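[1] sharing a sequence plus its predicted fold:
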Amino acid sequence: MFGQMMIEPIVQVDPRADLQTALGALTKIAENVEIVRWIELPASVLLFLLVPGDPDSGAVYVLDRKKAGPPLNRIE
């Protein structure tokens, strides 16, 4: 159904940080993006980003709430 997926660590955020702090770190490094949707799960948050005005753009990120290490990862 889908091809191979890759996960790339993006930014280190303190695992105890609240969701708004983690999202702020992501929007700083992603530059000029809009979080259009997020899905909160017990162990993670899926984030869907777009560049404003560019409907063909898009990226999916996952915030890992449980894992020690880079909690923000991009899914390709």
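    Thanks, I have the structure now.
[2] tell me which helix or strand comes right after the longest strand belonging to the chain.
    The longest strand of the chain (DSSP state E) is strand 54-64. On the C-terminal side of strand 54-64, the closest following helix or strand by DSSP states H and E is strand 72-75.
[3] quick one: strands adjacent to that next one?
    strand 7-11 (antiparallel), strand 54-64 (antiparallel) (DSSP bridges).
[4] okay, now the unreliable bits of the chain?
    Applying pLDDT under 70 to the chain picks out residues 1-2, 15, 67-71, 76.
[5] got the contact list for the spatially most central residue of the chain?
    Geometric centre of the chain, nearest residue: Tyr61, 2.8 Å, by Cα atoms, centre = their mean. With contact taken as Cβ atoms under 8 Å, 6 or more residues apart in numbering, Tyr61 is in contact with Ile10, Leu26, Leu46, Leu47, Leu49, Leu72, Asn73, Arg74, Ile75. Quick note: C-beta positions are derived from backbone N, CA and C, even for glycine.
[6] and those, which two are the farthest apart?
    Ile10 and Leu46 (13.9 Å; Cβ to Cβ).
[7] which of those two has more neighbours?
    More crowded of Ile10 and Leu46, by other Cβ atoms under 10 Å: Ile10, with 19 against 14.
[8] helix/strand/coil for the residue lying closest to Leu63 once chain neighbours are set aside?
    Closest residue in space to Leu63, ignoring its immediate chain neighbours: Val45 at 4.2 Å, by Cβ to Cβ, 6 or more residues apart in numbering. Three-state assignment for Val45 (DSSP: H, G, I helix; E, B strand; the rest coil): strand.
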